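Engineer: Mind looking at a prediction? Sequence and model below.
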Amino acid sequence: MIIIKEANSKALLKEYVKFPFSLYKKHPYWVPPLIQEELDSFDKTKNPAFESAEAYFYLAYKDNQIVGRIAAIINWDEVNQQEKKKVRFGWWDVVDNVEVTRALLEKVHELGKKNNLEYIEGPMGFSNLDKVGVLTEGFNELGSMITWYNYPYYKDHLEQMGYVKEKEYLESKFPFANVKPEFFEKIVPIIKKRYQLKEMNFTSTKEIMLYVDKMFDLFNKSYANLSSFVAITDVQKDYFKKKYISFINPEYIKFVMDKDDEMVAFSIVMPSFSRALQKANGKLFPFGFYHLLKAKKESKEVLFYLIGVAPEYQNKGVTAILFEENYLTFTEKGILNCIRTPELEDNIAVQQLWKHFDPEVFRRRRTYRKEI
């Protein structure tokens, strides 16, 4: 018999966060999160996502053992402002028993039905800066800190239950040796002169913080047309500043400004923390912090986390400025490999940015949908 319990106490939430550590114990490709960071993201007093969303966390038990978990989420900005009558599910992990998945998703269905919503979609988090998608290809590739890893049977469970593909995401990689500076060296001076633009590089996080609000405003503008996009609020900006920006090497954040010091483009790159997080195994202390700091300084692999261009500057070659600045930094750092984080399969414009680097799609993931 499968029993579902709401993880509505600190003790149960900790069990909820720690369940994947047993499910993927010693798995070579799973990248564990930091336990405290996960707990903080589920804390209504710490995560501003709860100002516009509600979430419930459930654990599945069989024979007194935890065999699955799921989060049922409603993003009310999405429902009310975009009129998408959707209930989300995320942070879903389960043993290979479709009946456990069925019991967990029933809780998501109940929440959607109670609030007169029309369909379920997931896995996904509270916002566009959370993890997204169930892995469908690339199971023999090391995961990253900003994606979920899962066993191949996850998608089989969903499809057996009548869930269908909603959105497809691609992850690509290319060796840094594929980046040929001649693709942007000649055009950059022309673009800068034509549109009176200048690059901005940084050596300290303190300098960057003066511009982060502008960056998130530009993020909202540049991604507004994507079907899955929900804008980041002012309160969330402050949260993400602390959660992400202070964690990223300042030299990996690049801005392009116009003559009036308005931001027209940005890119954020992160060193790969995957191996460091595996060594940390969910804990910063006593040695986790050391492994992460070492990776921040020495990793020869980088992830292109975010890139955004103001709508009025798209298709005008402005990204060449970002690529040139990153090329110079990567050369100095001795970077060997570049990874692109999940991008929507139908976002052809962003895929075209990378065509000269001969990227290889090495992972695919998708969200699934079912009518309520």
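Structural biologist: Right, received. Where do you want to start?
Engineer: Provide a list of residues in contact with R88.
Structural biologist: 72-75, 120-122, 124-125 (Cβ atoms under 8 Å, 6 or more residues apart in numbering). C-beta here means a position set from N, CA and C on the backbone, and glycine is covered the same way.
Engineer: Buried ones in the helix or strand bottoming out on mean pLDDT in the chain, by neighbour count?
Structural biologist: In the chain, the helix or strand scored least confidently by mean pLDDT, DSSP states H and E is helix 348-352, which has a mean of 81. Across helix 348-352, burial judged by 16 or more other Cβ atoms under 10 Å covers 350-351.
Engineer: which residues are contacting it?
Structural biologist: 170, 307, 314-315, 343.
Engineer: Pull out the buried residues from those.
Structural biologist: 170, 307, 343.
Engineer: Quickly name whichever of those is closest to Q82.
Structural biologist: Nearest to Q82 among those, counting by Cβ to Cβ, is E343 at 20.5 Å.
Engineer: quick check, that closest one in a strand?
Structural biologist: Yes. Counting by DSSP: H, G, I helix; E, B strand; the rest coil, E343 is found in a strand.
Engineer: partner residues bridging it?
Structural biologist: L170 (DSSP bridges).
Engineer: now it: how far from R69?
Structural biologist: Using Cβ to Cβ, to the nearest Å, we find E343 at a distance of 27 Å from R69.
Engineer: which residues of the stretch 151-300 of the chain fall in helices?
Structural biologist: In the stretch 151-300 of the chain, the helices defined using DSSP state H, counting those that start in this stretch lie at 153-160, 182-185, 187-195, 205-209, 212-223, 234-243, 274-280, 288-298.
Engineer: rank these by pLDDT, which is bottom?
Structural biologist: Mean pLDDT per stretch puts helix 234-243 lowest among the helices of the stretch 151-300 of the chain, at a mean of 84.
Engineer: which other helices and strands contact that helix?
Structural biologist: The helices and strands touching helix 234-243, judged by 3 or more Cβ pairs under 8 Å, 6 or more residues apart in numbering; DSSP states H and E, are helix 212-223.
Engineer: The helix it packs on versus helix 234-243: what angle between them?
Structural biologist: Counting by axes from the mean of the first three to the mean of the last three Cα atoms, to 10 degrees, helix 212-223 lies at 110 degrees to helix 234-243.
Engineer: in helix 212-223, what counts as buried?
Structural biologist: The neighbour-count check on helix 212-223 (16+ other Cβ under 10 Å) flags 212, 215-223 as buried.
Engineer: Would you mind checking which of the residues you listed is nearest to H157?
Structural biologist: Distance to H157, by Cβ to Cβ, is smallest for Y223 among those, at 30.5 Å.
Engineer: hmm, back to that, output the buried ones among the contacts of helix 348-352 in CSV; the columns should cover distance to K241.
Structural biologist: Compiled in CSV, the buried ones among the contacts of helix 348-352 are given as follows (distance: Cβ to Cβ, whole Å):
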residue, distance to K241
L170, 28
I307, 18
E343, 24
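Engineer: Out of those, which comes closest to L336?
Structural biologist: Nearest to L336, judged by Cβ to Cβ, of these is I307 at 20.4 Å.
Engineer: so the closest one touches T319, yeah?
Structural biologist: Yes. Counting by Cβ atoms under 8 Å, I307 touches T319, with 7.1 Å between them.
Engineer: Return every residue with contacts to both of these two.
Structural biologist: 265, 353.
Engineer: Beta-bridge partners for V164, please?
Structural biologist: Taking DSSP bridges, one finds R369 as the beta-bridge partners of V164.
Engineer: Extract the C-alpha set from stretch 64-74 and format it as CSV.
Structural biologist: Output of stretch 64-74 as CSV, limited to C-alpha atoms (Å, rounded to 0.1, in the frame of the first residue of the first chain):
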residue,chain,number,x,y,z
ASN,A,64,7.4,2.5,5.9
GLN,A,65,10.1,3.5,3.5
ILE,A,66,10.1,6.7,1.4
VAL,A,67,9.7,5.7,-2.3
GLY,A,68,9.0,9.1,-3.9
ARG,A,69,8.5,12.8,-3.6
ILE,A,70,6.8,15.6,-5.5
ALA,A,71,6.0,19.3,-5.3
ALA,A,72,2.6,20.7,-6.4
ILE,A,73,2.9,24.3,-7.4
ILE,A,74,0.6,27.1,-8.6
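Engineer: Please point out which parts of it sit buried.
Structural biologist: Buried, per 16+ other Cβ under 10 Å, within stretch 64-74: 66-74.
Engineer: Which parts of the stretch 1-150 of the chain are helices?
Structural biologist: Ranges of helices in the stretch 1-150 of the chain, per DSSP H, counting those that start in this stretch, are 10-23, 35-41, 76-81, 98-114.
Engineer: which of the ones you listed sits most buried?
Structural biologist: For the helices of the stretch 1-150 of the chain, the largest average neighbour count (mean count of other Cβ atoms under 10 Å) is found in helix 98-114, namely a mean of 19.
Engineer: tell me what that helix is packed against?
Structural biologist: Under the contact rule (3+ Cβ pairs under 8 Å, 6+ apart), helix 98-114 is packed against strand 2-6, strand 53-62, strand 65-75, strand 86-94, strand 119-122, helix 153-160.
Engineer: The least confident helix or strand of the chain: how far from the chain's middle?
Structural biologist: The chain centroid and the centroid of helix 348-352 are separated by 18 Å under Cα atoms, centre = their mean, to the nearest Å.
Engineer: same check, this time on stretch 70-81
Structural biologist: 17 Å.
Engineer: now for it, what's the gap between its first and last residues?
Structural biologist: For stretch 70-81, the first-to-last residue distance is 26 Å (Cα to Cα, to the nearest Å).
Engineer: do stretch 146-153 as well
Structural biologist: In terms of Cα to Cα, the two terminal residues of stretch 146-153 are separated by 21 Å.
Engineer: now do stretch 214-232
Structural biologist: In stretch 214-232, first residue to last residue: 12 Å (Cα to Cα).
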